[in-house]
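S.K.: Got a predicted model here, sequence first, then my questions.
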Amino acid sequence: MIRPHLFLLAAALCAGTALAAPQSVEAKLAECRKQIDQTDRQIVNLLNQRAKIVARVGSIKKEANLPVTVPARERQVLDHIIQVGREGPLPPETLRRIYATVLQEMRNWEANLSSGKEAPGSTAQTRNNGK
């Protein structure tokens, strides 16, 4: 009695693998690229969310006559990123370089906001009006 069950199980497993058409390289790449595009959208949304917070921080600093750049805070953020990223595949120094660039761009943007060179959302408004 056990043998017929084993035979059915083996037949089902083989049928599942034999009937499944192998996915082409192009299809696999297309699926991966679709996932990357979705992830990139999420990253951009998170960067924009972070930028809104940076704008608020910049306003607070400006009212208090505080400098845009706070090296101790930036070191703290980078150290935190390294701790948070320990579970992922990226090496700590790669994360540090990526995030150092994010911090630099946010710092530059905050400085432009503080000096009145750019208003929050002005880039999006200019881009939308140019369509």
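M.R.: Thanks, I have it.

S.K.: only C-alpha atoms for contact and neighbour calcs from this point on.
M.R.: Will do.

S.K.: Now do the helices in this protein.
M.R.: Along the chain, counting by DSSP state H, helices occupy 2-19, 25-63, 71-84, 92-115, 122-129.

S.K.: Quick one: list the elements packing against the second one.
M.R.: Counting by 3 or more Cα pairs under 8 Å, 6 or more residues apart in numbering; DSSP states H and E, the packing neighbours recorded for helix 25-63 are helix 92-115.

S.K.: rewinding a little: give me whichever of the helices of the chain is most buried.
M.R.: helix 92-115 (a mean of 16; mean count of other Cα atoms under 10 Å).

S.K.: picking that back up, I'd like the helices of the chain as CSV, with mean pLDDT appended.
M.R.: Compiled in CSV, the helices of the chain are given as follows (pLDDT from 0 to 100):
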stretch, mean pLDDT
helix 2-19, 47
helix 25-63, 96
helix 71-84, 96
helix 92-115, 94
helix 122-129, 47
